[in-house]
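S.K.: whatever this is, show me its structure:
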Amino acid sequence: MRVVFMGTPDFAAASLRAILDAGYPVAGVFTQPDRPSGRGMALSASPVKALATDRGIPVYQPTKLRDGSALAALEALRPDIVVVVAYGRILPDALLAVPPLGCVNVHGSLLPAYRGSAPIQWAVLNGERRTGVSTMYLSHEMDAGDLIFQDETPIGEFETSGDLFDRLKEMGAALLVKTLRAIEAGRAPRQPQDHSRASYTRPLDKSMCPIDWTRSPREIVKHICGLQPWPVATMELEGKSFRVFAAEYTDTHTDREPGTVLSAGNAGIEIACGTGETLRITALQAPGKKRMSAGDYLRGHPLALCAGDGAAC
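M.R.: Okay, the predicted model is just below:
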């Protein structure tokens, strides 16, 4: 079965590596054009391009998919099947029609939930307790094709999006190999999605970073975990904006205003939330500094607390 692979980030590279290791011949790889990165803004290849180049696979980086050049390149490769994993582009119908066995996709959610971009981050942000990966046939509408296989996993209470991403990319890679083997054997299931149960996500942006202390401790923990590794949650402290990386629950109840600092010490910074409960910040990053435990930061930068009730002035 002759495969053409389309993908760009680490999540996709894991799938490409898995199908190569499983012995599937990959005739060519399509990936996004090189992007400027780093302090020098030098052009950087995608993880998929780097892997394909290392394995000697021809790489195609079209800037447009509708001008005929991508279609001509794909037709020349004569794929039996096209695998698409986090490519970052929606394929026109003309490209979808090229491979006789269709185009299959790996998506980081249990479809029809969390169609669209950043499904892994939004599952964490929304406090889901379980998520997974899905393989499906691509269709005209985004993430709406018939399902092939799904694999489910719990989300840890303090698991970050980055940690979950690393787990799901390997689960997705294994599920893709299972999918290709089933298609090759003519035994792949095909289950239409229940579109009435579909939910959609939107891209993350930096406007989401500030913590809303009127929310519950669990909602705030999920906000902190969901925005890692990017764009990272933030909080204001003594007039400065801090990046926040970790927090823990407490048994404390308070009638203080949400956002009030109740205590600050070796264990961290305890802050009132909107439900009359509190949350303790345990890892942060001050402006111009490295990430560190809140206790380590406070040893060099003690907070001024009001006398009497211990709240920050």
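S.K.: quick one, helices of the stretch 101-250 of the chain?
M.R.: In the stretch 101-250 of the chain, the segments counted as helices under DSSP state H, counting those that start in this stretch are 119-125, 161-184, 217-226.
S.K.: so for the second one, mean pLDDT?
M.R.: It refers to helix 161-184. In this model, helix 161-184 carries a mean pLDDT of 98.
S.K.: related to what we said a few turns ago, which one of the helices of the stretch 101-250 of the chain is the most hemmed in?
M.R.: Using mean count of other C-beta atoms under 10 Å, the stretch among the helices of the stretch 101-250 of the chain with the largest mean neighbour count is helix 119-125, at a mean of 25. All C-beta atoms are positioned from the backbone trio N, CA, C, and that covers glycine.
S.K.: on that earlier part again, any chance of the helices of the stretch 101-250 of the chain in JSON lines, with distance to S46 too?
M.R.: Output for these, formatted as JSON lines (distance: least, C-beta to C-beta, whole Å):
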{"stretch": "helix 119-125", "distance to S46": "18"}
{"stretch": "helix 161-184", "distance to S46": "14"}
{"stretch": "helix 217-226", "distance to S46": "24"}
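S.K.: wait, which of the ones you listed is closest to T260?
M.R.: helix 217-226 (14.0 Å; C-beta to C-beta).
S.K.: any idea how the chain splits into domains?
M.R.: For the chain, automatic domain parsing gives the domain ranges 3-197, 206-300.
S.K.: endpoint to endpoint, the first one covers what distance?
M.R.: What it means is domain 3-197. In domain 3-197, first residue to last residue: 32 Å (C-alpha to C-alpha, to the nearest Å).
S.K.: check the last one too.
M.R.: For domain 206-300, the first and last residues are 29 Å from each other (C-alpha to C-alpha).
S.K.: ok, stretch 196-216 next?
M.R.: End to end - C-alpha to C-alpha - stretch 196-216 spans 30 Å.
S.K.: report the mean confidence score over it.
M.R.: Averaged across stretch 196-216, the pLDDT comes to 97.
S.K.: for the nearest residue to L164 once chain neighbours are set aside, what are its contacts?
M.R.: Spatial nearest neighbour of L164, excluding adjacent residues (C-beta to C-beta, 6 or more residues apart in numbering): I120 at 5.5 Å. I120 is in contact with G108, S109, T131, S161, L164, F165, L168, counting by C-beta atoms under 8 Å, 6 or more residues apart in numbering.
S.K.: is it correct that the first one is in contact with E170?
M.R.: No - applying C-beta atoms under 8 Å as the test, G108 and E170 come out as separate, 11.5 Å apart.
S.K.: and G310, what's its pLDDT?
M.R.: For G310, the model assigns a pLDDT of 44.
S.K.: what's the separation between F165 and C103?
M.R.: 23 Å (C-beta to C-beta, to the nearest Å).
S.K.: pLDDT weak spots in the chain?
M.R.: 38-41, 306-313 (pLDDT under 70).
S.K.: do that again at 80, thanks
M.R.: Within the chain, the stretches with pLDDT under 80 are 36-43, 304-313.
S.K.: show me what the longest strand anywhere in it is in contact with.
M.R.: Counting by DSSP state E, the longest strand found in the chain is strand 240-253. Contact with strand 240-253 is made by 158, 211, 217-218, 220-221, 224, 228, 232-236, 262, 268, 270, 276-287, 291, as judged by C-beta under 8 Å, 6+ apart.
S.K.: list the strands paired with it, with their directions.
M.R.: Strand pairing for strand 240-253, using DSSP bridges, gives strand 233-237 (antiparallel), strand 277-285 (antiparallel).
S.K.: give me the buried positions along that strand.
M.R.: Buried residues in strand 240-253, defined by neighbour count with 16 or more other C-beta atoms under 10 Å: F242, R243, V244, F245, A246, A247, T250, T252.
S.K.: need the residues you listed in CSV (columns: distance to L51).
M.R.: Formatted as CSV, the buried residues of strand 240-253 follow (distance: C-beta to C-beta, whole Å):
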residue, distance to L51
F242, 37
R243, 31
V244, 34
F245, 30
A246, 32
A247, 36
T250, 45
T252, 49
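S.K.: what number of residues lie near Y137?
M.R.: 18 (other C-beta atoms under 10 Å).
S.K.: and what of M142?
M.R.: Using other C-beta under 10 Å, M142 has 12 other residues around it.
S.K.: separation between it and T160?
M.R.: From M142 across to T160, the span is 26 Å (C-beta to C-beta).
S.K.: try H107
M.R.: Between H107 and T160 the computed distance is 20 Å (C-beta to C-beta).
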